[in-house]
Every structure is written in structure tokens, then in C-alpha cells.
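> 3D, please:
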Amino acid sequence: MIERINVWGIPGSLKWLAYVIPMACALVLAIRLYVRMRLWWRVGRADRRFDRIWTRAGRVLKYVVGQVKVLRDPYPGLIHAAIAWGFFVFFLGTAVATIDADFFHFLKGPLYLIYKLPLDVFTVIALVGIVVAAYRRFVQRPERLTLSSSFAFSLVLVFLTVLTGLLTESLRLAAVEQDPSLQAGWHAGLGWWTPAGWIVAKGWLGTGLGVESLVNTHLALWLAHIAFVGLLFVVIPTGPLLHMITAPLNVFFSELERPRGRLAPVASNNGDAVGVGRLTDLTWQQLLQGDACTECGRCQDACPAHGAGLSLSPKRLILDIKDNLAVAGQAAGRNGNGVPEFVGQAVQDQVIWDCTTCCACVQECPVLIEHVDAIVDMRRYLLAQQRADNQLTTTLGHLRRYGNSFGKSDKQRAKWTRGAGLKIKDVRKAPAEVLWFAGDYASYSPTCIDVTQVTARVFQRAGLDFGLLFDGERNAGNDIRRVGEEGLFELLRQKNATAMAGCDVKEIVTTDPHTYNALKNEYDWGEAHVEVRHHSEVLDEAIRDGRLTLRRSLSYTVTYHDPCYLGRYNDVYEAPRRVLAALGCRLVEMPRNRDRSLCCGAGGGRIWMDEEPVTERPSEARVREAAELRGVEVFVVTCPKDLTMYRDAVKTTGLEQRLVVKELAELVDEATREDAEHERAESATGTASRVGEPSAVDSAIGGA
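Take a look at the predicted model:
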């Protein structure tokens with residue numbers, strides 16, 4: 001029978017150290033952690049995050065224990081998971097051993113062997129993970145990772161803690177192998193259940209050390225192990241290992257109810273102040289996010305602004321919150337007087353304006369940090385302080401006066417219908433099943449008008465009963481809200497709601513993902529059930545239902561760009577791909593696709609701002625990525641802003657003869673036109689043989 005071991009080979013006069021040292025150091029940990037956590041509540045605003053406890057606990061199991069987001073990036077993900085899972089197993093193993101030693105004594109026989117095996121296996125997994133982590137950070141040195149002496153110290157400390165645990169186990173095995181009487185029966189068959197410990201024990205036996213030397217070495221390493229465990233507890237609250245505690249807390253307290261496409265309500269702070277200018281304007285949970293950051297840099301790698309060479313690093317922004325919290329806490333402790341400005345001092349204004357609000361940082365963050373909410377809060381403050389560039393200020397003036405970003409009369413919003421000879425209902429005067437909320441770019445931009453007309457013809461061909469608001473439509477306000485102009489957003493939302501109030505429609509369709517997100521997530525429809533759909537979903541349904549007759553297979557090799565506000569924000573990925581497949585196109589996915597799609601750079605109001613010097617625009621990086629795909633002729637988009645950005649990008653990159661940028665509706669139109677109409681279109685464009693040459697439409701609007 002396998003006998004249970006409590007604390008082998010340790011003199012009775014020293015066994016108390018196994019409890020006293022860790023408990024004393026754990027007390028130090030608790031005190032230091034409390035001091036840090038108290039800053040969140042002293043500095044930050046109140047925020048209710050204690051509801052739905054079991055749902056929150058489930059998220060901790062999924063994202064912290066399961067490491068779901070960590071493993072999205074396999075190489076570093078496996079490294080981190082190896083270390084994390086090692087710690088989870090060690091923690092549970094220590095708890096079980098303590099209960100067994102002091103209370104119930106249940107680890108006997110086969111159960112003891114089963115207990116030992118995972119501890120041994122995960123010891124090796126953790127050690128390998130630590131070694132590879134050190135190699136990656138200090139030899140490979142990817143740009144996104146923080147290099148610091150504190151991290152190196154923490155990594156060495158963790159390594160020594162795990163290693164001394166393995167070595168003490170191996171010394172026990174080696175000593176008992178030489179003298180079985182030290183623990184009668186304990187060694188029998190145990191080596192098979194502690195394979196790593198047994199292999200190391202064979203090494204000890206090969207050194208020729210006697211039993212007494214093995215026992216003394218075991219005692220020394222056991223004392224070292226206890227010391228390392230205690231030191232680990234002490235340093236956790238002040239170094240990069242703090243995220244071991246704060247990351248699970250941040251996951252637990254993360255947002256549950258609000259859809260990603262809906263921003264948090266604006267908070268009024270310090271009387272008339274709006275937004276976030278000081279750390280005291282953030283909530284305690286947003287301050288927790290600073291301490292929860294693992295400094296992995298995934299957000300930074302995914303950020304289109306950072307990739308373009310702009311000053312924004314989502315990682316650095318969150319760490320700036322962490323680094324300035326103590327100073328804000330000291331000032332807040334003095335009746336709140338003298339809390340320094342955060343925006344404009346710790347973080348420069350331009351960093352906040354560089355963001356495209358594409359949400360790639362939020363998507364990639366393994367601990368569910370909400371970077372975009374904080375950035376928009378800071379933009380609200382900057383706008384209230386009139387700290388925005390001239391082009392953005394001018395555009396906001398246009399939106400306030402005319403209801404569109406082009407500064408044109410609302411009477412011209414539906415002018416595109418007259419030029420194409422299209423007869424479309426005014427839903428304010430006649431009932432229709434569908435309201436087509438076209439949006440600014442589809443209505444006014446020279447780049448997009450021809451595509452808007454094509455889309456209207458496709459809708460008519462599909463038998464869609466639709467109409468427009470004509471001059472009653474205003475910008476939906478998605479990007480207006482994300483530049484921080486809350487008042488203007490509310491004004492436009494109210495005007496659109498008033499225009500739609502008397503309309504007899506069942507659903508709203510739009511070709512603009514930004515408009516789609518605003519109408520779906522930012523508008524309050526009350527008791528009215530209004531379904532909002534993107535035109536790719538409508539076209540997909542019409543093809544599958546047979547309402548759109550496919551007259552020819554296109555047989556193009558295409559790639560497709562997932563718009564941020566259609567994909568990452570609203571999870572619409574399959575409808576456009578099903579349409580392309582139905583048209584006969586061969587889709588070649590870009591390396592960054594679906595929820596990892598690279599933003600075009602226009603979102604968050606960036607398309608309205610003065611352009612800064614960049615190493616390469618996100619749109620240019622994207623078309624180069626597409627051009628490297630073998631055989632791809634057509635770059636397919638489903639957003640008017642994407643159409644504008646990418647048609648310009650193929651020109652500035654010299655890829656006009658390599659790629660044609662097409663809106664999805666253009667391809668549907670080509671596949672569903674009557675034969676005579678199709679022949680006339682081919683004759684007019686001179687592209688009967690191949691799609692790779694720019695059509696007349698492309699040539700006319702490609703440089704807009």
C-alpha cells in the first residue's frame with residue numbers, strides 16, 4: 001500500500017515554517033493589495049458591477065481558467081497558458097495537501113498517486129513555459145512586449161519557485177530509493193506517477209551522494225522553496241505579477257449587458273465638466289483595468305493607428321492610467337484638491353484623436369479591457385474644452401447645420417435618384433415594407449453615388465418594397481458620438497426619430513455599417529419592433545429565396561474585407577460570404593479576416609480629421625495585403641467609407657492594374673442583369689474579358 005506523506009524529511013522544529021512564512025507573506029500581500037485597491041474606490045466614480053454573480057463567475061472560468069482569448073494567438077498563448085495552468089494546478093494541489101495533512105487525511109493509496117501525477121506533469125509544463133517566455137521576451141524581443149528588470153526578476157522568481165518544488169520532490173524519491181526504510185512502501189511504484197521527479201531523482205543517484213547528503217540537500221531546497229513562495233507573495237502587488245489577481249477581477253466585473261456597439265452613457269463630473277480629463281472622472285472599474293493589463297501588447301499589434309505609425313498605443317494608454325493612479329490617489333485624499341489633468345499631461349491630446357474606434361484592441365484583449373469606452377470619454381472632455389483639429393470642427397459644424405458631413409443641402413440628399421431615373425417611394429408619404437436609410441456617403445459622395453444607384457436597381461430587381469426618407473434623413477450619428485459630440489448625436493437621433501415616427505415600415509436596411517450600428521444599437525425604438533439589417537443580409541436572403549435570379553456565374557477570384565462595424569461590432573460575417581459563393585466567386589480570405597480584420601482607418605471620425613504623417617495608411621496596408629494573395633482580381637467591400645478609402649488606396653499604392661475595388665452590390669448587379677442590359681454594360685466599360693481592368697465607373701470615381 002502506498003503510504004501518505006505529509007512533510008517528509010523536515011525536522012519537527014522547522015515544520016511550522018511551511019505555514020508561518022507563507023501565511024505572514026500572504027498577510028503582507030493582502031495589506032498591499034488592499035492599499036492598491038483602495039485607490040480604485042478613492043479616485044474612481046461609482047459603478048454597479050455586483051449583479052449576476054454566477055454569470056460573472058462563469059466568465060472567469062472561461063477567460064481566466066480556460067484562457068480562451070489568450071489562446072487566440074497560439075505561440076504566446078500556449079506559453080502563457082502553460083504557466084497559468086501550472087499555477088492553477090499548484091494552487092489546488094497545495095490546498096488539497098493542506099486539507100489532507102491537517103483535517104481529513106484522504107490522500108491514500110491510488111488516490112494519492114492520481115493526485116501526484118498532474119502536479120508532476122504541470123510542473124514540467126510550467127517550467128517549459130517560463131523558459132520559452134524568457135526566450136521570447138529577451139531574445140526574440142517582439143516590439144509589442146514591455147522589457148523591464150521587474151519582469152525579469154518576477155520571471156526568475158516564478159521559475160525558482162517551481163523548480164525548487166520539483167527538486168525537493170526528486171530528492172525525496174532519490175533518498176527513499178537508496179534507503180526504503182526512510183518511508184516504508186512509499187517509493188513502490190511512485191516513480192511512474194511522478195515521471196519528472198523520478199528522472200531528476202535518477203540524476204541525483206548518479207552523483208554518488210549518500211542518503212544523509214540527499215536529506216540535507218532536500219532540507220536546504222525545501223527552505224529555499226518556502227522562501228521563494230513567501231517572496232512571491234510579497235512582490236505580487238508591486239510588479240507585473242499583479243495581473244494574476246487583478247485580471248480575474250477585471251473579467252469578473254466586466255460589462256455584461258451593453259452590446260459592444262453601444263457606448264456607455266456620458267457621465268457629468270465636477271459640475272459642468274463632461275467626459276474624462278482627470279483620473280477622478282473614470283469609474284473604479286476603469287481604474288481596475290489599468291492594474292489588470294497584462295502588458296501583452298496584443299491590442300497594440302491589432303491597432304491600425306499604431307500600425308500606421310501614429311502616436312496611439314492602446315497598451316500604453318491603459319498603462320498610463322495605472323502609472324498615474326497613485327498620484328491621483330494622494331491628491332484625492334486631500335479633499336480632491338489638486339488632482340492633475342490626465343488628458344493633455346500624462347496622455348497627449350493627439351493620442352486620443354488617433355483612435356479609429358475599430359474595437360480591435362477590445363477584441364484582442366485577453367482580460368476584457370474596454371479601451372474604446374475610455375478613449376471616447378476622453379474625447380468628450382477634449383471637445384468640451386474645444387481641443388479638436390480644424391477639419392473635425394468644420395465637419396461637426398456641417399452636421400449641426402445641414403445634418404450631413406458634406407455640408408450640402410438636405411434637398412440634395414436624394415438627388416442621386418433623379419440622375420439615374422429611379423422612382424423610389426418617399427416612406428413619409430407612402431407605406432413600404434423597408435426603409436432604406438442610405439447614409440451620408442452613399443447619398444453625397446461622388447465615389448459612392450454610382451454604387452448607390454446600382455444597389456437601388458438590385459433592390460428593385462429583387463422585388464424589395466422600399467423607400468427613402470429623402471430630405472428627412474440625417475446622419476445617423478455613429479461616428480459623431482464616437483468623436484465625443486454627445487449633444488449633436490442626440491440632436492440628430494431625435495430628428496431621425498421624428499422623421500421616421502409616421503412611417504409605415506417593417507424594417508430598416510442600410511448599406512453603411514456605421515449607420516447600421518447606430519440604428520441597431522444606439523437608437524431607442526421603445527415598444528416598436530424595428531429590425532435593422534445590412535444590405536448584405538438582404539441580398540443573401542433574396543438569393544436564397546430565389547427572388548434574385550442569377551443569370552451568370554462570375555467566376556472571379558476575390559477577397560473580402562470585413563468592415564469593423566459590421567463584423568467586430570455586430571458579428572455579421574457569413575451573409576456577404578454566402579452571396580459571393582452564390583455568385584460563383586472563389587473567395588480567398590485575407591490573413592486578417594473576420595474579427596481580426598484590419599480597419600480601413602476611417603472610423604471614429606478619423607475620415608473627418610486632418611491627416612497626420614504616417615509610415616503607411618491602414619487602407620494602403622490592407623490593399624497591399626490583398627494584392628499579395630495569389631490570383632485575386634477583386635477586392636470586395638460592403639461599406640461606402642471602405643469604397644472611398646480603398647479605391648483611393650489602390651491608386652496611391654500603384655495597384656490599379658492589379659486590383660479592382662467593388663462593392664458587393666455591384667457584383668450582384670453584374671450576375672443578375674438581363675442579358676441585353678449586361679451586354680450594353682460590357683460594351684460601355686470595355687471589360688467583357690476580365691474584371692481586372694477598371695470600369696468606367698471605377699475610373700470616374702477611383703480618386704475621390
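> show me where pLDDT drops low in this structure?
1-9, 181-191, 268-272, 334-337, 675-704 (pLDDT under 70).
> for it, what's the longest helix?
helix 149-178 (DSSP state H).
> Could you list the domains of this structure?
Annotated domains of the chain cover 52-251, 253-384, 393-701 [automatic domain parsing].
> Let me know which of these is the nearest to residue 18.
domain 52-251 (6.1 Å; CB to CB). No exception for glycine: its C-beta is placed from N, CA and C like everyone else's.
> Serialize the domains of the chain to TSV and add fields for distance to residue 30 and mean neighbour count.
Shown next, in TSV, are the domains of the chain (distance: least, CB to CB, whole Å; neighbours: other CB atoms under 10 Å):
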stretch	distance to residue 30	mean neighbour count
domain 52-251	9	17
domain 253-384	16	20
domain 393-701	38	20
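> So for residue 38, which of the ones you listed sits nearest?
Among the domains of the chain, the nearest to residue 38 by CB to CB is domain 253-384 (7.9 Å).
> From start to finish, how long is that closest one in a straight line?
This stretch, domain 253-384, spans 30 Å end to end (CA to CA, to the nearest Å).
> got JSON lines for the domains of the chain, with distance to residue 23 too?
Formatted as JSON lines, those follow (distance: least, CB to CB, whole Å):
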{"stretch": "domain 52-251", "distance to residue 23": "9"}
{"stretch": "domain 253-384", "distance to residue 23": "24"}
{"stretch": "domain 393-701", "distance to residue 23": "45"}
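> Mind checking these for the one nearest to residue 32?
Checking the domains of the chain against residue 32 by CB to CB gives domain 52-251 as the closest, at 3.9 Å.
> okay, how far is it across the closest one, tip to tip?
13 Å.
> what sits up against stretch 409-423?
With contacts defined as CB atoms under 8 Å, 6 or more residues apart in numbering, stretch 409-423 is touched by 402-404, 424, 438, 443-444, 449, 452-453, 456-457, 460, 468, 470-474.
> Same question for stretch 28-38.
So stretch 28-38 is contacted by 233-234, 236-238, 242, 245, 291, 329 (CB under 8 Å, 6+ apart).
> In helices only, show me the residues you listed.
233-234, 245, 291, 329.
> Distance check, the most centrally placed residue in the chain against residue 370.
In the chain, the centroid-proximal residue (CA atoms, centre = their mean) is residue 363; its distance is 1.5 Å. The spacing between residue 363 and residue 370, counted by CB to CB, to the nearest Å, is 11 Å.
> now do residue 351
For residue 351, the distance to residue 370 (CB to CB) stands at 17 Å.
> And residue 593, by the same measure?
Going from residue 593 to residue 370 by CB to CB gives 24 Å.
> now swap in residue 245 and tell me
19 Å.
> so residue 239 touches residue 153, yeah?
Yes: taking CB atoms under 8 Å as the definition, residue 239 is a contact partner of residue 153 at 7.3 Å.
> Would you agree residue 507 is in contact with residue 532?
Yes: Residue 507 is within contact range of residue 532, at 7.1 Å (criterion: CB under 8 Å).
> check contacts around the residue nearest to residue 358 when sequence neighbours are not counted.
The shortest distance from residue 358 to any non-neighbouring residue, by CB to CB, 6 or more residues apart in numbering, is to residue 599 (3.6 Å). Residues near residue 599 by CB under 8 Å, 6+ apart: 304, 356, 358, 360, 564, 618.
> For the stretch 51-200 of the chain, just list every one of the helices.
Under the criterion DSSP state H, counting those that start in this stretch, helices of the stretch 51-200 of the chain are mapped to 53-60, 74-99, 109-135, 149-178, 195-206.
> between the last one and helix 149-178, how big is the angle?
Angle between the axes of helix 195-206 and helix 149-178 is 70 degrees (criterion: axes from the mean of the first three to the mean of the last three CA atoms, to 10 degrees).
> other SSEs contacting helix 195-206?
If contacts are counted by 3 or more CB pairs under 8 Å, 6 or more residues apart in numbering; DSSP states H and E, helix 195-206 sits against helix 109-135, helix 149-178.
> And the longest one, how far out from the chain middle?
Distance, stretch centre to chain centre, for helix 149-178: 36 Å (CA atoms, centre = their mean, to the nearest Å).
> residues in contact with residue 434?
Counting by CB under 8 Å, 6+ apart, residue 434 touches 464-467, 505-509, 538.
> go with 7 Å
For residue 434, the contact set (CB atoms under 7 Å, 6 or more residues apart in numbering) comprises 464-466, 505, 507, 509.
> Now tabulate these in a markdown table and tack on distance to residue 668.
Listed next are the contacts of residue 434 as a markdown table, based on distance: CB to CB, whole Å:
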| residue | distance to residue 668 |
| --- | --- |
| 464 | 12 |
| 465 | 18 |
| 466 | 15 |
| 505 | 23 |
| 507 | 19 |
| 509 | 14 |
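> Can I get the residues you listed in CSV including secondary structure and distance to residue 608?
Formatted as CSV, the contacts of residue 434 follow (DSSP: H, G, I helix; E, B strand; the rest coil; distance: CB to CB, whole Å):
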residue, secondary structure, distance to residue 608
464, coil, 32
465, coil, 35
466, strand, 29
505, coil, 30
507, strand, 29
509, strand, 25
